[in-house]
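Asker: When you get a sec, could you give me coordinates for this:
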Amino acid sequence: MLTILAVVLALTVLPSPWGVVAVVVAFAIDAGETVFFVRWSKRRRATVGVETLVGRSAVVIRPLTPQGQVKLDGELWEARGPGDLAPGQDVVVTGIDGLVLVVEPSK
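Answerer: I've put the predicted structure just below:
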């Protein structure tokens, strides 16, 4: 954006040698910002996928006898747990089997 502004100023307002200087300096600043922000955005990898659900807390919606449903971050998931877990009970995700969460009662 700075380069575009410098070109417009160089063509309309600035005298001959200063127009070229303004375009070169603006281009250097834009290039530096681009390099900085590309490197900054790659400083850590995004955490995505079902693997990120392990260790998270959920709430039982449909009784787990041994399979039912839990709500995790506003989403309903099929889940499997030990014994009878009643609706409203807090659980922790300990693993994943396909798209079924393996849960245990939270302590």
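
Asker: can you list the weak-confidence ranges in the protein?
Answerer: Applying pLDDT under 70 to the chain flags no residue at all.

Asker: Centre of the chain to the longest helix along it, how far?
Answerer: Longest helix in the chain by number of residues, with DSSP state H as the criterion: helix 16-41. Chain-centre distance of helix 16-41: 29 Å, with CA atoms, centre = their mean, to the nearest Å.

Asker: what about the strands in this structure?
Answerer: In the chain, the strands defined using DSSP state E lie at 57-62, 67-72, 75-80, 90-97, 100-105.

Asker: In TSV, list those along with mean neighbour count and distance to residue 44.
Answerer: In this view, the C-beta of every residue, glycine as well, is placed from N, C-alpha and C. As requested, these are arranged in TSV below (neighbours: other CB atoms under 10 Å; distance: least, CB to CB, whole Å):
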stretch	mean neighbour count	distance to residue 44
strand 57-62	17	24
strand 67-72	18	23
strand 75-80	16	24
strand 90-97	16	23
strand 100-105	18	26
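
Asker: which one of the ones you listed lies closest to residue 12?
Answerer: For the strands of the chain, the distance to residue 12 is smallest for strand 75-80, at 55.1 Å, taking CB to CB.

Asker: Distance of residue 91 relative to residue 29?
Answerer: From residue 91 across to residue 29, the span is 53 Å (CB to CB, to the nearest Å).
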